[in-house]
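> Pasting the sequence and the predicted model now:
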Amino acid sequence: GENVEQHPSTLSVQEGDSAVIKCTYSDSASNYFPWYKQELGKGPQLIIDIRSNVGEKKDQRIAVTLNKTAKHFSLHITETQPEDSAVYFCAAKTGNQFYFGTGTSLTVIP
Amino acid sequence: DVKVTQSSRYLVKRTGEKVFLECVQDMDHENMFWYRQDPGLGLRLIYFSYDVKMKEKGDIPEGYSVSREKKERFSLILESASTNQTSMYLCAARDSSSYEQYFGPGTRLTVT
């Protein structure tokens, strides 16, 4: 089955700096790549996603890039704010199933 | 937005008890999922259902069963709870015409 790897597991940045989280996947049939933000005590919330026919997508301070050839995709957060502190998960969809990375704990230092 | 609710936020059960975790979604979505979330392991799929009375095993179904008698409700059952089933359990729903998956707030289950 699909294997999704996510790095780094923890990330600390100064407020206003950028944060980048990277994921790789193994199954070339994966066609949808969402990113979730999970705050303490809550379920994951979808923040941005990208389909396999698109290379980049941006939504205000958040962007996702996809390299299908290399089978990797990345989350970019610019101008980070303390409220961006959370755990971020990447995922890859193959068929009807989602496969998740192990999460990145992002801390934005004021 | 889709709303997915789970019956309990926190649950403490004893080893050997039968445990029911309930999930309800309000958007008539066909697909529903149960995951467990453990530190360092991410989210792992236990079972999913793509229609009423239909179910498919995920990656870690052992020790669990599910029930979907109505479209909006998907139940996860631990027939005989064990300490290694202590975890955060997340329910999700997705419409067949969309890729987006919506999660509930989670149930943190502790088995003692």
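Yep, it's here. Numbering: from 1, shown residues only, chains lettered A, B, ... in the order given.

> residues in contact with residue 58?
Unless you meant another one, I'm taking chain A. A:Val64 (C-beta atoms under 8 Å, 6 or more residues apart in numbering or on different chains). Backbone N, C-alpha and C define where each C-beta goes, glycine included.

> The chain in question should be chain B.
B:Gly58 sits in contact with A:Gln97, B:Phe33, B:Trp34, B:Tyr35, B:Arg44, B:Leu45, B:Ile46, B:Tyr47, B:Phe48, where contact means C-beta under 8 Å, 6+ apart.

> mind listing what's buried in stretch B:8-21?
B:Leu11, B:Lys13, B:Val19, B:Leu21 (16 or more other C-beta atoms under 10 Å in any protein chain shown).

> chain center to it: distance?
Distance, stretch centre to chain centre, for stretch B:8-21: 13 Å (C-alpha atoms, centre = their mean, to the nearest Å).

> now do the same end-to-end measure for that stretch.
Across stretch B:8-21, the terminal residues are separated by 8 Å (C-alpha to C-alpha, to the nearest Å).

> Stretch A:41-55 now?
For stretch A:41-55, the end-to-end distance is 33 Å (C-alpha to C-alpha).

> After the helix-or-strand element of chain B with minimal mean pLDDT, which helix or strand is next? Please name it.
Counting by mean pLDDT, DSSP states H and E, the weakest-scoring helix or strand in chain B turns out to be strand B:101-103, with a mean of 91. Counting by DSSP states H and E, the next helix or strand C-terminal to strand B:101-103 is strand B:107-111.

> Spatially nearest residue to whichever residue of chain A sits closest to chain B (excluding sequence neighbours)?
Nearest to chain B in chain A, going by C-beta to the nearest C-beta, is A:Gly43, at a distance of 3.7 Å. Nearest non-adjacent residue to A:Gly43, counting by C-beta to C-beta, 6 or more residues apart in numbering or on different chains: B:Phe103, 3.7 Å away.

> Near chain A, which residues of chain B? Just list them.
Within chain B, the residues that sit near chain A (C-beta under 8 Å from any C-beta of the partner chain) are B:4, B:9, B:31, B:33, B:35, B:40-45, B:48, B:50, B:56, B:58-59, B:90, B:99-106.
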